[in-house]
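> need a 3D model of the sequence below.
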Amino acid sequence: STELFVNYYDIFVRGAFGSFRDVLRDVSYSPIMGQMLGHLNSRSGPYVWRSQGRVSFADENFAREVMQLFSIGLIMLNPDGTPQLDVSGKTISTYSNNDITSYARSWTGFVRQTARANIEEANTRENKVDPMKINADYRDPFPKTDLYGGFIGDKYPLCSDMIKDGFLSKGSSYRLLGSSFEPDFYMRVWLTEAEEGDHMILSE
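From the prediction side, this is the model:
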């Protein structure tokens, strides 16, 4: 069977010149990745308690690997790539075990798409090609903490509070951030982003 692996490889072909966020999203929804790193069919603690009457915790493997291997790594870095140090001169960890436990709840509810006949291994009745979908019953419904003392989704408006087609309204403004290889530029943007939280404003 090769189709499922070629399909996974195509994620990087499509995203080679695109955004890292799109690649990470597609990898996260891949049924191969879900099966390998455990978030396929991961059920939330509340669901297991309601359905089976026992205490359970969401699978933590993908929550750990998506931070350690796929994105932020183990050590906090400055914008120029050097390690951040605490007052005693030791490197600062990017996340803790509590963060992993919280983020694992974000990866609950992922299940395979309905099987179809026009793919390899159709006789297994498992769709190993199409991106996974979310089963709302398995999903953890409670807030998840982020890495900075807040909660995932803080400062983002609720969909119900958004004006319909508001981003197309007359008077909407857009900011072109541009790019630069100068470390000072990145430091200015990084500091401003840390202060503002929800958007970047260049100081110059």
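
> and the helix or strand harbouring Ile100, how far out from the chain middle?
Take DSSP states H and E as the rule and Ile100 turns out to sit in helix 97-104. Computed by C-alpha atoms, centre = their mean, to the nearest Å, the chain-centroid distance of helix 97-104 equals 13 Å.

> for this protein, which segments count as helices?
For the chain, the helices defined by DSSP state H occupy 3-15, 20-29, 31-37, 45-52, 61-68, 97-104, 183-196.

> how about those, which one is nearest Asp130?
helix 31-37 (7.3 Å; C-beta to C-beta). Yep, even glycine has a C-beta here, placed from its N, CA and C like the rest.

> pull that closest one out as PDB, backbone CA atoms only.
Listed next in PDB are the C-alpha coordinates belonging to helix 31-37 (Å, rounded to 0.1, in the frame of the first residue of the first chain):
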ATOM      1  CA  PRO A  31      -4.900  10.000   9.700                       C
ATOM      2  CA  ILE A  32      -1.400   8.500   9.500                       C
ATOM      3  CA  MET A  33      -0.100  11.100  12.000                       C
ATOM      4  CA  GLY A  34      -3.100  10.600  14.200                       C
ATOM      5  CA  GLN A  35      -2.500   6.800  14.300                       C
ATOM      6  CA  MET A  36       1.200   7.100  14.800                       C
ATOM      7  CA  LEU A  37       1.100   9.800  17.600                       C
END
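
> so which bits of that helix are buried?
31-35, 37 (16 or more other C-beta atoms under 10 Å).

> which strands and helices sit next to it?
helix 3-15, helix 61-68 (3 or more C-beta pairs under 8 Å, 6 or more residues apart in numbering; DSSP states H and E).

> with mean neighbour count, mean pLDDT and distance to Val111 added, can I get those in CSV?
Formatted as CSV, the helices and strands packed on helix 31-37 follow (neighbours: other C-beta atoms under 10 Å; pLDDT from 0 to 100; distance: least, C-beta to C-beta, whole Å):
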stretch, mean neighbour count, mean pLDDT, distance to Val111
helix 3-15, 14, 92, 16
helix 61-68, 20, 95, 14
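
> tell me the contacts of the closest residue to Gln84 other than its chain neighbours?
Leaving aside its chain neighbours, Gln84 sits nearest to Met76 (4.2 Å; criterion: C-beta to C-beta, 6 or more residues apart in numbering). Shown in contact with Met76 (C-beta atoms under 8 Å, 6 or more residues apart in numbering): 83-84, 91-94.
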